[in-house]
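*Asks:* need coordinates for the below:
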Amino acid sequence: MADPNTNILSNEARFSWVRLRTLVMLRWMTIAGQSTALWIAVKVMQVDIRVDLAATVIGIAVAFNIVATVVFPENRRLSERAALLTFLFDLTQLAALLALTGGLMNPFAVLLLTPVVMASTALNLRATILLGLVAVGFISALRVYPAPMQMLSGEVLQAPPILADGFWVALITSVGFLALYSRKIMVEVFSMSQALAATQTALGREQRLTALGGVVAAAAHELGTPLATIKMVSTELADELEGQPELLEDVELIREQANRCRDILHEMGRSGKDDTLMQIAPISALVQEAMEPHLDRGKRIIPRINGRINDGPGADHMLVARQSEIIHGLRNLIQNAVDFSTSTVWVDIAWDKAHLKVHVGDDGPGYPAHIIGRIGDPFMRKRGYVDPNRPGYEGMGLGLFIAKTLLERTGAQLTFANGSEWDESDVPVEMARPTGAIVEVIWPRETLEVSLAQARAPLGENQPFGY
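*Replies:* Sure, this is the predicted structure:
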């Protein structure tokens, strides 16, 4: 089980994901490649290279790997600082080897981009920028102080200056572009994984609460008879002990506590034995359950069914499978509407032969125009969204993302829009139309609807509850 004190939305955990053994294995592959290329260049292509110096540079990488393997355990994960220093070592070692083997004219100069791209996926932005600047410095140094290749025959291999300058510009541009591209993709993937983890946590909590409601309902049903028996016997004893005040007081206390147990069970859950309403309920009941946590927050929430005011769940309402995803998703949408509404939130329920629709609208300022196309994406705060009407609101968009994800899992399609200003001063608020933000949730009716025959099925036996 996850530590409840762990913040799943923190980026700090990502900075210790890099395993030392992984970098050691990659470095051994690099060493093997460098050694092979050096041997081919000298023995096959007859290039004049200071083999002693090049071998020394490769040997330093070998020594680094041996020390890392011997000193640290295999499961060692690097901190951000340690990973940055490791990438800096690899970048420096490769730049030194290139300086001895032709500089930027060496075809393997493009490998200078590798540490920067790796850092952009594992380290924070500041570390990535630092490593990128170091890479740009090495590339520029190799251009300013070129080391042309020379054959054993004395022939010098040197590219025209315009080609060398173009390759220098291309490498510098690639450092920025590839680092930005890979980091952007990684941040999107990481943010989405965090948001999905938060969604799963929210859904798991809702499912546990639903399961707990079933346990309470079963307990209320099973304990009803013993409590009734205790109350009946205590009443009979009270009649027989009218002349014994001390014993009568104890009997009255027993009866009072039995009544208290009954009231507690009644408040905690519905009575019944595996009631079908635990699995099947009118759509209005699900909406009402989603509304309940927000009814006392100072805003009026008006539920309407097919344009009529809903005074409570009715037997003739459309029956649907009771799913935690629907309840929690609608609850988040209603919470968002209550947060930003001026005074009123409308929840409209309607259905036809093909679809079930739920609209959640409010009379607030609506969605800002510059983010309406991105509603449903998590962590919008990172792009600078701040609501001037609520300076304390972080505005990450995580609540709407969770609602959208959960509802889409049930087959729904969500549409976000803003209402229009209407002159409805003579229209009762119960019949008014939302002027602020509006969320439309549409399900194919066949995916949710439950037949009346299923709803009237006999009550089942209590099932064991487990985690």
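*Asks:* list the buried residues of the helix or strand that contains Val62.
*Replies:* In this structure, Val62 sits in helix 51-71 according to DSSP states H and E. Within helix 51-71, the residues that count as buried by 16 or more other Cβ atoms under 10 Å are Ala54, Ala55, Val57, Ile58, Ala61, Phe64, Asn65, Ala68. Bear in mind the C-beta positions are built from the backbone N, C-alpha and C, glycine included.
*Asks:* buried stuff in whichever helix or strand comes after that helix?
*Replies:* On the C-terminal side of helix 51-71, the closest following helix or strand by DSSP H and E is helix 80-100. Going by neighbour count (16+ other Cβ under 10 Å), the buried part of helix 80-100 is 80, 82-84, 86-91, 93-100.
*Asks:* just checking, Leu97 touches Gly33?
*Replies:* No. Using Cβ atoms under 8 Å, Leu97 is not in contact with Gly33; the gap is 11.0 Å.
*Asks:* now do the strands in the stretch 301-450 of the chain.
*Replies:* Applying DSSP state E, counting those that start in this stretch to the stretch 301-450 of the chain gives strands spanning 308-309, 319-321, 344-351, 355-362, 413-418, 437-444.
*Asks:* which one, of those, ends up nearest to His294?
*Replies:* Among the strands of the stretch 301-450 of the chain, strand 344-351 comes nearest to His294, with 8.0 Å by Cβ to Cβ.
*Asks:* so how far is that closest one off the chain centroid?
*Replies:* 28 Å (Cα atoms, centre = their mean, to the nearest Å).
*Asks:* do stretch 41-52 as well
*Replies:* 54 Å.
*Asks:* what is the mean pLDDT for it?
*Replies:* Confidence for stretch 41-52, expressed as mean pLDDT, is 86.
*Asks:* got the domain boundaries for this structure?
*Replies:* Residue ranges for the domains of the chain, per automatic domain parsing: 12-158, 207-274, 277-454.
*Asks:* would JSON lines of the ones you listed with distance to Trp168 be doable?
*Replies:* Formatted as JSON lines, the domains of the chain follow (distance: least, Cβ to Cβ, whole Å):
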{"stretch": "domain 12-158", "distance to Trp168": "4"}
{"stretch": "domain 207-274", "distance to Trp168": "58"}
{"stretch": "domain 277-454", "distance to Trp168": "34"}
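*Asks:* shaky segments in the chain?
*Replies:* 1-17, 189-222, 224, 266-278, 310-316, 378-398, 422-425, 451-467 (pLDDT under 70).
*Asks:* just to revisit the earlier point, nearest to Ile172, out of the domains of the chain?
*Replies:* Nearest of the domains of the chain (Cβ to Cβ): domain 12-158, 5.5 Å.
*Asks:* how far does the closest one sit from its chain's centre?
*Replies:* 36 Å.
*Asks:* circling back to that earlier point, now the strands of the stretch 301-450 of the chain in JSON lines, with distance to Ile162 and mean neighbour count?
*Replies:* Shown next, in JSON lines, are the strands of the stretch 301-450 of the chain (distance: least, Cβ to Cβ, whole Å; neighbours: other Cβ atoms under 10 Å):
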{"stretch": "strand 308-309", "distance to Ile162": "78", "mean neighbour count": "11"}
{"stretch": "strand 319-321", "distance to Ile162": "70", "mean neighbour count": "20"}
{"stretch": "strand 344-351", "distance to Ile162": "67", "mean neighbour count": "22"}
{"stretch": "strand 355-362", "distance to Ile162": "63", "mean neighbour count": "22"}
{"stretch": "strand 413-418", "distance to Ile162": "53", "mean neighbour count": "16"}
{"stretch": "strand 437-444", "distance to Ile162": "57", "mean neighbour count": "21"}
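*Asks:* got CSV for those, with distance to Met186 too?
*Replies:* CSV is the format used below for the strands of the stretch 301-450 of the chain (distance: least, Cβ to Cβ, whole Å):
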stretch, distance to Met186
strand 308-309, 50
strand 319-321, 38
strand 344-351, 38
strand 355-362, 34
strand 413-418, 27
strand 437-444, 31
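*Asks:* out of the domains of the chain, flag the one nearest Arg183.
*Replies:* It is, among those and with distance given as Cβ to Cβ, domain 12-158, at 3.9 Å.
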